[in-house]
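Student: curious how this folds, go ahead:
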Amino acid sequence: MQWLSRTPNFDFVKYRRVAMVTSTTLSLLAIISIFWPGLNYGLDFTGGILVEARFAAAPELDKIRAELSGGGFEDAQVTGSGADVLIRLPPPEEVEGTEPSAEAVAAEAVAALRDRVLEVLRAEDPDVAILRADNVGGQVGAELFENAGLALLFALIMIFIYVMLRFRWKLAVGAIVATVHDVLVTTGIFAIAGWQFDLTVFGSILAVLGYSLNDTIVVYDRIRDNFRLMRRGTPEAIVNASMNQTLARTLVTGVTSLLVLFAMMFLGGDTLWGFSVALVIGIVVGTYSSIYVASSMALVLKVEQSDFVEAKKVHADELP
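Tutor: Okay, the predicted model is just below:
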């Protein structure tokens with residue numbers, strides 16, 4: 001591991017324009033894909049039917065998912081704790097957009113769906129019991145979506161204030177651009193791939209935001225210190241040196257995080273798959289943005305030594 005103790009000398013700045021064009025293109029494609037074809041929202045956002053079942057003993061969730069899929073419930077989400085299992089199903093057509101005057105129809109549709117689920121589950125355990133079956137309306141999902149968006153917006157505002165107070169507004173803008181880039185690209189990949197986007201995935205998006213910011217702050221700390229130490233270097237040379245000095249730390253942090261996430265992705269089952277994939281994508285994109293997007297934005301905004309070093313005032317009596 002001696003290579004980690006040596007400071008590399010890669011010319012990152014040389015390719016910053018190519019990286020900025022690439023990042024801009026990816027961000028635009030992500031924005032377009034979010035609106036068309038759009039995100040495949042999970043039941044947390046769209047609403048659906050919640051069925052809670054209790055088995056005689058703790059069942060195998062993968063077998064329940066396979067049985068439900070074979071029984072016509074391909075989009076069922078199954079989670080469990082001990083002998084209790086929670087099943088989330090898309091709402092049937094009779095329930096979607098149900099008006100208050102048609103509550104009786106909705107109740108009948110939910111009851112029919114409950115009976116179908118019970119029939120499928122009895123193949124796993126003849127003594128299974130349905131504890132409840134409730135209809136979660138789309139209004140709840142809309143409120144969750146609105147609250148999730150407000151949480152993301154609030155986080156971005158607090159990030160801008162924090163970086164501006166710790167460094168300067170030029171670096172604060174760069175941190176926001178890098179963070180938004182990471183969130184957009186990660187979300188855009190989910191939209192293009194058609195993977196389900198639920199609250200678990202949204203939680204991982206917020207985790208990506210924190211990871212990206214932490215990586216950017218490390219680079220910015222080194223840039224600030226080097227502007228104070230390397231008095232005669234050009235901004236490009238100082239930024240390039242800073243990225244090389246933090247490269248080993250960035251790679252070690254990213255690789256160790258990815259090892260854990262790959263284990264979760266392949267061994268954690270369907271419940272953790274979306275969460276893990278979003279974090280894997282976010283860490284890869286976040287590492288790239290810390291090296292190119294954040295630092296390139298600092299150069300675009302013409303960061304210079306005076307942003308970090310206060311000019312010394314000379315009094316008239318000190319002049320020769």
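
Student: residues in contact with the nearest residue to residue 129 once chain neighbours are set aside?
Tutor: Excluding the flanking residues, the one nearest residue 129 by C-beta to C-beta, 6 or more residues apart in numbering is residue 54, at 5.1 Å. Yep, even glycine has a C-beta here, placed from its N, CA and C like the rest. The neighbourhood of residue 54, defined by C-beta atoms under 8 Å, 6 or more residues apart in numbering, consists of 83-85, 128-129, 131.

Student: what's the ChimeraX line that selects buried ones from those?
Tutor: Restricted to buried positions by 16 or more other C-beta atoms under 10 Å, the ChimeraX selection for those reads:
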select :85,128
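
Student: can you tell me which of the contacts of residue 54 is closest to residue 120?
Tutor: residue 128 (9.8 Å; C-beta to C-beta).

Student: nearest spatial neighbour of that closest one, skipping sequence neighbours?
Tutor: Nearest residue to residue 128, sequence neighbours excluded (C-beta to C-beta, 6+ apart): residue 121, at 4.7 Å.

Student: pretty sure that neighbour contacts residue 53?
Tutor: Yes. Counting by C-beta atoms under 8 Å, residue 121 touches residue 53, with 5.8 Å between them.

Student: so what sits against both of the two?
Tutor: Shared contacts of residue 121 and residue 53, defined by C-beta under 8 Å, 6+ apart, are found at residue 128.

Student: my read is residue 296 is in a strand, agree?
Tutor: No. Secondary structure of residue 296 (DSSP: H, G, I helix; E, B strand; the rest coil): helix, not part of a strand.

Student: and it, what does it touch?
Tutor: 16, 19-20, 174.

Student: quick one: mean pLDDT for stretch 277-295?
Tutor: Averaged over stretch 277-295, pLDDT sits at 92.

Student: buried sites along it?
Tutor: Judged by neighbour count using 16+ other C-beta under 10 Å, the buried positions of stretch 277-295 are 277-283, 285-295.

Student: got any ranges where the stretch 201-320 of the chain has weak pLDDT?
Tutor: 309-320 (pLDDT under 70).

Student: how about 80 then?
Tutor: 231-232, 268-271, 305-320 (pLDDT under 80).

Student: same question, the stretch 1-150 of the chain
Tutor: 1-7, 43-47, 81, 91-109, 124, 135-145, 148.

Student: inside helices: which ones of the buried residues of stretch 277-295?
Tutor: 277-283, 285-291, 293-295 (DSSP state H).

Student: quickly find the element holding the residue most central in space within the chain.
Tutor: Central residue of the chain (C-alpha atoms, centre = their mean): residue 205, 1.5 Å from the mean position. In this structure, residue 205 is located in helix 199-229 according to DSSP states H and E.

Student: report the buried residues of the helix or strand following that helix.
Tutor: As assigned by DSSP H and E, the chain's next helix or strand after helix 199-229 is helix 235-267. Residues of helix 235-267 classed as buried by neighbour count (16+ other C-beta under 10 Å): 235, 238-248, 250, 253-254, 257-258, 261, 264-265.

Student: check which helices and strands helix 235-267 sits against.
Tutor: Helix 235-267 is packed against helix 199-229, helix 269-291, helix 293-300, with contacts defined by 3 or more C-beta pairs under 8 Å, 6 or more residues apart in numbering; DSSP states H and E.

Student: make a markdown table from these and add distance to residue 8 to it.
Tutor: Formatted as a markdown table, the helices and strands packed on helix 235-267 follow (distance: least, C-beta to C-beta, whole Å):
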| stretch | distance to residue 8 |
| --- | --- |
| helix 199-229 | 14 |
| helix 269-291 | 12 |
| helix 293-300 | 15 |
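
Student: how far away is the residue lying closest to residue 251 once chain neighbours are set aside from residue 76?
Tutor: Nearest residue to residue 251, sequence neighbours excluded (C-beta to C-beta, 6+ apart): residue 287, at 7.7 Å. Distance of residue 287 to residue 76, given as C-beta to C-beta, to the nearest Å: 36 Å.

Student: what do you get for residue 120?
Tutor: 9 Å.

Student: what's the answer for residue 53, then?
Tutor: Taken as C-beta to C-beta, the span from residue 53 to residue 76 is 12 Å.

Student: before we move on, what about residue 61?
Tutor: In terms of C-beta to C-beta, residue 61 sits 11 Å off from residue 76.

Student: neighbour-wise, which of those two wins?
Tutor: Using other C-beta atoms under 10 Å as the criterion, residue 61 and residue 76 rank with residue 76 on top: 22 against 15.

Student: please report phi then psi for that one.
Tutor: Per-residue torsions, residue 76: phi -70, psi 140 (degrees, to the nearest 10).

Student: who touches stretch 29-46?
Tutor: Residues from elsewhere that reach stretch 29-46 (C-beta under 8 Å, 6+ apart): 77, 88-91, 136, 138, 141-142, 144-145, 184-185, 187-192, 194-199, 201.

Student: check which residues of it are buried.
Tutor: So for stretch 29-46, counting by 16+ other C-beta under 10 Å, buried means 29-30, 33-34, 39, 41-46.
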